[in-house]
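Novice: return a 3D structure for these sequence lines:
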Amino acid sequence: MLRESFKVLLKETFDGPGGNGSWYTESKPGSGIFGTLEKVSAEEASILVQGTTIAAHIDHTRYYLWVANAFMKGDKPELDWSESWKISTVDESTWSRFKVELQNVYTTLLENINSFTSFDEQTLNGILGALAHSAYHLGAIRQMTKTIKVPSQT
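Specialist: Predicted coordinates for the structure are as follows:
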């Protein structure tokens, strides 16, 4: 049951809510990270908002999930968190690559969750940390999109 709860909430964070409402995101399609990013161009992802960019948030989230996956496999990579915030501007090619890489580490996280036969404290903290951390960045990114998007005139 715990495994399925983790997956439901991670999927809501990244893929958006399922068909019957949501646990904490907006209850409409496109409310997860991937749906939000579909509406953001490389140029928009590179606009500075309160000292950072959407591109930086995505690269940092990707790095965080990579670290979480490594620790869950028992690896202990050398970490440089400041590196995960150095990207601020992206071109279309880099922006597309960031989104694919984020999808890949997210998919790996779901696979890792499926592979565990039991959850020790480090694994539970890693999964809950990845969920909370990603949800935080989803909220930040969704707020940033309100700043960078000009409402359409109809």
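Novice: in the helix or strand hosting residue 104, what's buried?
Specialist: Assigned by DSSP states H and E, residue 104 belongs to helix 92-115. For helix 92-115, the neighbour count (16 or more other C-beta atoms under 10 Å) marks 94-95, 98-99, 101-103, 105-106, 108-109, 112-113 as buried. Placement of C-beta: from N, CA and C, glycine included.
Novice: need the next SSE after that helix, C-terminal direction.
Specialist: Under the assignment DSSP H and E, the closest C-terminal helix or strand after helix 92-115 is helix 121-148.
Novice: middle-most residue in this structure, spatially?
Specialist: By C-alpha atoms, centre = their mean, the chain has its centre lying nearest to residue 134, at 4.6 Å.
Novice: list the contacts of that one.
Specialist: 10, 13-14, 33, 61, 64-65 (C-beta atoms under 8 Å, 6 or more residues apart in numbering).
Novice: local confidence estimate at it?
Specialist: Listed pLDDT for residue 134 reads 96.
Novice: now do the one 10 residues further on
Specialist: On the pLDDT scale, residue 144 is placed at 95.
Novice: again with the one 4 residues further on
Specialist: The model reports residue 148 with a pLDDT of 90.
Novice: the chain should start at 23 in everything you say after this.
Specialist: Got it, first residue is 23 now, which makes that one residue 170.
Novice: neighbours of it, just the number please.
Specialist: For residue 170, the neighbour count with other C-beta atoms under 10 Å is 17.
Novice: that older thread, residues contacting the helix holding residue 126, please?
Specialist: 25, 28-29, 32-33, 36, 55-56, 59, 63-64, 67, 77, 80-81, 83-84, 87-88, 90-91, 94-95, 109, 112, 149, 152.
Novice: buried subset of those residues?
Specialist: Here, 16+ other C-beta under 10 Å leaves 28, 32, 36, 55-56, 59, 64, 67, 77, 80-81, 83-84, 87-88, 90-91, 94, 109, 112, 149, 152 buried among the contacts of helix 114-137.
Novice: return the subset of these lying in helices.
Specialist: Using DSSP state H, the subset of the buried ones among the contacts of helix 114-137 located in helices is 28, 32, 36, 55-56, 59, 64, 67, 77, 80-81, 83-84, 87-88, 90-91, 94, 149, 152.
Novice: wouldn't residue 58 be in contact with residue 159 here?
Specialist: No: judged on C-beta atoms under 8 Å, residue 58 makes no contact with residue 159 at a distance of 10.4 Å.
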